[in-house]
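S.K.: I would like to see how this sequence folds:
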Amino acid sequence: DIARFRPELKLLISSATLDAEKFSDYFDSSPIFKIPGRRFPVEIHYTKAPEADYLDAAIVTVLQIHVTQPAGDVLVFLTGQEEIEAAEEILKHRTRGLGTKIAELIICPIYANLPTDLQAKIFEPTPEGARKVVLATNIAETSLTIDGIKYVIDPGYCKLNSYNPRTGVESLLVTPISRASALQRAGRSGRTGPGKCFRLYTAYTYHHELEDNTIPEIQRTNLANVALMLKKMGINDLINFNFMDSPPLEALVKALEQLFALDALNSRGELTKTGSRMAELPLDPMLSKMIVASDKYKCSEEIISIAAMLSVGNSIFYCPKDKQVHADTARMNFHVGNVGDHIALLK
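M.R.: Next up is the predicted model:
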């Protein structure tokens, strides 16, 4: 709408993964410019039958590549920290059992909670005569480029945020990836030279069972923050708003009900003074309401600390698998004195 009144305004949308035609149609048939990148051929391999245990199949495939394939590092896509740590432990155990019969296999995990110094190890050059295997979540699909990757192992799953508007509960669910994600994963092996992608699912699954694209986030998450931002921008009729991907009506209504309960909207659905202040904070509306209300009770400093801790969740706690007891003991020290969870966060 702004562009219609300001012809000098230019909006550039760039991405290596988006559905360009969809964006072009939404923005009044805007022109599409394609910039070809350097791509090398990638050989795709499928399983003959579905894998009952994709984690074990991924580990077996890593070892088969290590023993039979020419030099080149391996990238394995897994769904989260728990799977990555399990795969790392099993790989170390099995390679120890083979001893000097095989070349050195350097195992490098990467996930959100891993300290940055350990994450950086995936970018270190692989020593001569060794092979590196990177165990990663779907962050490695687009956000990272790791030199030396020649082989990709794709089990075909990822974790996605899912929101149930009836219960108001958000959860991370293990879900089959889309064909677009599968193409991105395969492309990771063809960045610096010809590569191979081992898909741990059948060709039939890829062509007939996977969705074309990942379900847009707006259709599977809590919309309270989105609704608050749109209200702040003066867009009041959210039910009939022209979303690029229309969210479920039930989720949108639930978001408006939540904002009304937080006194961010009045009974007519209009933004209140409290709601306007909440919209200035880039937080979940329940946290922004906490901070706005804290001024009245003269406890803003404490509430901001609690809100910050609630925002990051468990990501600030790193719990190495081999030091589980020590990590749990250190964390329990914050709960001394029969205090509640939120007061413990202040410590």
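
S.K.: all helices of the stretch 201-347 of the chain, in order?
M.R.: Along the stretch 201-347 of the chain, counting by DSSP state H, counting those that start in this stretch, helices occupy 203-204, 224-232, 249-261, 273-279, 285-294, 300-312, 324-332, 341-345.

S.K.: rounded mean pLDDT for the fourth one, please.
M.R.: Averaged over helix 273-279, pLDDT sits at 97.

S.K.: nearest to Thr145, out of the helices of the stretch 201-347 of the chain?
M.R.: Ranking those by distance to Thr145, with Cβ to Cβ as the measure, places helix 300-312 first at 26.4 Å. Glycine gets a C-beta too; all of them are placed from N, C-alpha and C.

S.K.: how about the contacts made by the closest residue to Gly148 other than its chain neighbours?
M.R.: In this structure, Gly148 finds its nearest non-sequential neighbour in Asp73, 4.3 Å apart by Cβ to Cβ, 6 or more residues apart in numbering. Contact analysis of Asp73 by Cβ atoms under 8 Å, 6 or more residues apart in numbering lists 126, 131-134, 146, 148-151.

S.K.: save the residues you listed as JSON lines, and put in pLDDT too.
M.R.: As requested, those are arranged in JSON lines below (pLDDT from 0 to 100):
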{"residue": "Thr126", "pLDDT": "93"}
{"residue": "Arg131", "pLDDT": "96"}
{"residue": "Lys132", "pLDDT": "96"}
{"residue": "Val133", "pLDDT": "97"}
{"residue": "Val134", "pLDDT": "96"}
{"residue": "Ile146", "pLDDT": "87"}
{"residue": "Gly148", "pLDDT": "92"}
{"residue": "Ile149", "pLDDT": "95"}
{"residue": "Lys150", "pLDDT": "96"}
{"residue": "Tyr151", "pLDDT": "98"}
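
S.K.: restricted to strands, list those.
M.R.: In this view, the contacts of Asp73 that belong to strands under DSSP state E are 131-134, 149-151.

S.K.: sketch out the low-pLDDT regions of the chain for me.
M.R.: Where the chain drops to pLDDT under 70, the residues are 1, 338.

S.K.: show me where it has strands.
M.R.: According to DSSP E, the strands that the chain contains are 42-46, 73-77, 105-110, 131-136, 149-154, 157-164, 169-176, 195-199.

S.K.: out of these, flag the one nearest Arg185.
M.R.: Closest approach to Arg185 among these (Cβ to Cβ): strand 149-154, 4.6 Å.

S.K.: adjacent strands (with direction) for that closest one?
M.R.: strand 73-77 (parallel), strand 195-199 (parallel) (DSSP bridges).

S.K.: and those: which comes nearest Glu51?
M.R.: Here strand 195-199 is closest among the strands paired with strand 149-154 (Cβ to Cβ), at 10.1 Å.

S.K.: now that closest one and strand 42-46, what's the angle there?
M.R.: Using axes from the mean of the first three to the mean of the last three Cα atoms, to 10 degrees, the direction of strand 195-199 lies 20 degrees away from that of strand 42-46.

S.K.: so what touches strand 195-199?
M.R.: Strand 195-199 has contacts (Cβ under 8 Å, 6+ apart) with 40-47, 61, 65, 69, 72, 149-154, 156, 182, 185-186, 188-189, 206.
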